[in-house]
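Here is my input; please provide its structure:
(one chain, ligands or ions: 2)
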Amino acid sequence: MKMGKRGRACVVVLGDIGRSPRMQYHALSLARQASLQVDIVAYGGSEPHIAVLENQSIHIHKMKQWLTMPPGLKVLKPLILILKPLFQLLVLLWYICFKVPAPDVFIVQNPPSVPTLMAVKWASWLRNSIFIIDWHNFGYTLLALSVGRNSRFVAVYRWFERRYGKMANGSLCVTRAMQHELAENWGIKATVLYDQPPEFFHPTSLEEKHQLFCRLDKQMTQPQDVRDCVNYGALSVGSHNLKETLFTNLVDGHVLLRSNRPALVVSSTSWTPDEDFSILLEAAVMYDRRVAAILNEDDSVKEEIIWNDISAGKRYLYPRLLFIITGKGPEKEKYEKKIRRLKLKRVAFRTMWLTAEDYPLLLGSADLGVCLHTSSSGLDLPMKVVDMFGCGLPVCAVAYSCIKELVNVDKNGLLFSSSSELADELMMMFKGFPDECHALNLLKDGALEAGSSRWSSEWEEHALPLLTKVVSANLR
Ligand SMILES: *[C@@H]1O[C@H](CO)[C@@H](O)[C@H](O)[C@H]1NC(C)=O
Ligand SMILES: *[C@@H]1O[C@H](CO)[C@@H](O)[C@H](O)[C@H]1NC(C)=O
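Ligands and ions are numbered 1, 2, ... in the order given. Below is the predicted model:
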């Protein structure tokens, strides 16, 4: 069955398409499940998933970007706040009104709302297409984070967002809380389409783990002007066919997990001020101190002595923790500096940027995920937690209003509001690791179960009927 008269859809993101997974999944579903030709209009930057790149039905159009201003031009900020959207508007209009073939339907990500919503509204009118908004969050609450809630820009932005938001022929949103807000205060009827992991986020096999750890071995064990519990004594040969990694052993062709491996905790962050990374750092320091106190270790005991024992095979009641922090962003270096100054006995940090293919494997190889996402509107959910569940990884997440639409406390994860609470949770879960940590194992089962629903079925159940309805209405 072909949808619409043109058999085309256009996905619009005023952002880096590689970092807009949900819009990539829309594109994949439009191609696979609605058999449409799909044009993506977005900015470049990071690579999208290979399934998107390779699909013959998906065509990516990368727009020219607004040049970044040198920081010295701060005084021009109000001017730039007006000029930049104007420039973006013209480029965007050029692409969606003329450059891409006329689609049956535009699906646009909100935020950013300015000038995207207006541009897509105009284009849909010009080309007689359906206009659908996918509400990931509110643009005005994000703007309020950078310019302050009482700024006049925020009020104007909200007015604009609401006005053009109401003009769409259909709306999707990410939580019931957001659906409620849109219905009550904006007069917009939206369908909830929860983020669900796509097929490539799945639990990792032992062989996949071993191969991943071989690929990452250099980054994990190579001393980067730090010495810590993880790289102490490690001699990395940087080969892709190691017999032994920090976590795995290859014995007679079989991969085994090492019993004195560190517990692997993964967090992905965009290193922006709205994700307070210091919570995680402080919790790590507390874990280190509290474990030492419980084990009655004298402060004067040198780290090296403990590290020596560990590399000789000694196991303690509490494991070493290796935090792998993935992501790119403005505050990365600041925190890397802070991390280097910490003197920790049992905790180590690595920051990395992984390919879209390795990231799911890492999640599937980890023992716990930590999510520091707090929502500007309180109405959206962290997609990274969805991905973690897809890989069977339980999470500790920052508590806020609607997070319970996703994290089921004591079933598939835990919530925290302070670094001390997070440190308690780490101690509780990792005590007895790796063989006798029942609390962690229970959460793992819960995460597997939570992650078993998939994006394609969610999309088929909620997005496809909406699309079919509005697109066929447009044919009459
Ligand atoms: C690409 O899209 C087609 C539909 O045109 C679909 O049948 C196919 O499964 C997709 N291929 C991949 C690799 O996703
Ligand atoms: C889409 O929305 C526009 C503006 O609200 C409206 O004029 C048009 O009739 C709608 N199209 C369909 C098919 O509902």
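
from the stretch 301-450 of the chain, which residue is nearest to ligand 1?
Of all residues in the stretch 301-450 of the chain, Glu357 sits closest to ligand 1, at 13.7 Å by Cβ to the nearest ligand atom. Yep, even glycine has a C-beta here, placed from its N, CA and C like the rest.

Over to the residue of the stretch 51-200 of the chain found nearest ligand 2: give its phi and psi.
Using Cβ to the nearest ligand atom, Asn169 is the residue of the stretch 51-200 of the chain that sits closest to ligand 2, at 3.7 Å. As for Asn169, its main-chain torsions (degrees, to the nearest 10) stand at phi -80, psi -10.

Check the burial of the residue lying closest to the residue of the stretch 301-450 of the chain closest to ligand 1 once chain neighbours are set aside by counting its neighbours.
Once flanking residues are discounted, Glu357 sits nearest to Ile50: 6.6 Å by Cβ to Cβ, 6 or more residues apart in numbering. Using other Cβ atoms under 10 Å, Ile50 is surrounded by 12 other residues.

got it, and Ser417?
Applying the criterion other Cβ under 10 Å, we find 11 residues in the vicinity of Ser417.

Kindly report the same for the one 10 residues further on.
Applying other Cβ under 10 Å, we find 16 residues neighbouring Met427.

Any chance you could list what contacts the helix or strand harbouring it?
Element membership for Met427, per DSSP states H and E: helix 419-430. Defining contact as Cβ atoms under 8 Å, 6 or more residues apart in numbering, one finds that helix 419-430 is touched by 263, 265, 278-284, 286-287, 290-291, 318-319, 321, 367-368, 370, 396, 414, 416, 437, 439-440, 443.

and what of stretch 268-285?
Stretch 268-285 is contacted by residues 145, 267, 321, 323, 325-332, 335, 338-339, 342, 344, 347, 349, 359, 370, 372-374, 376, 384, 398, 416, 418-420, 422-423, 426 when judged by Cβ under 8 Å, 6+ apart.

In strands, which of those fall?
Assignment to strands by DSSP state E places the following of the contacts of stretch 268-285 there: 267, 321, 323, 325-326, 347, 349, 370, 398, 416.

Give me every residue in this protein lying close to ligand 1.
Taking Cβ under 6 Å from any ligand atom, the part of the chain that reaches ligand 1 is made up of 31-32, 35, 51, 54-55, 57.

The longest strand anywhere in the chain: what's the following helix or strand?
Scanning the chain for the longest strand, with DSSP E as the assignment, gives strand 8-16. Moving toward the C-terminus from strand 8-16, the next helix or strand (DSSP H and E) is helix 21-32.

so Val13 touches Asp39, yeah?
No: applying Cβ atoms under 8 Å as the test, Val13 and Asp39 come out as separate, 11.7 Å apart.

The helix holding Met427: which residues count as buried?
Within helix 419-430, the residues that qualify as buried by neighbour count (16 or more other Cβ atoms under 10 Å) are 419, 421-427, 429-430.

Tell me the one of those nearest Arg19?
Nearest to Arg19 out of the buried residues of helix 419-430 is Leu422 (Cβ to Cβ; 26.0 Å).
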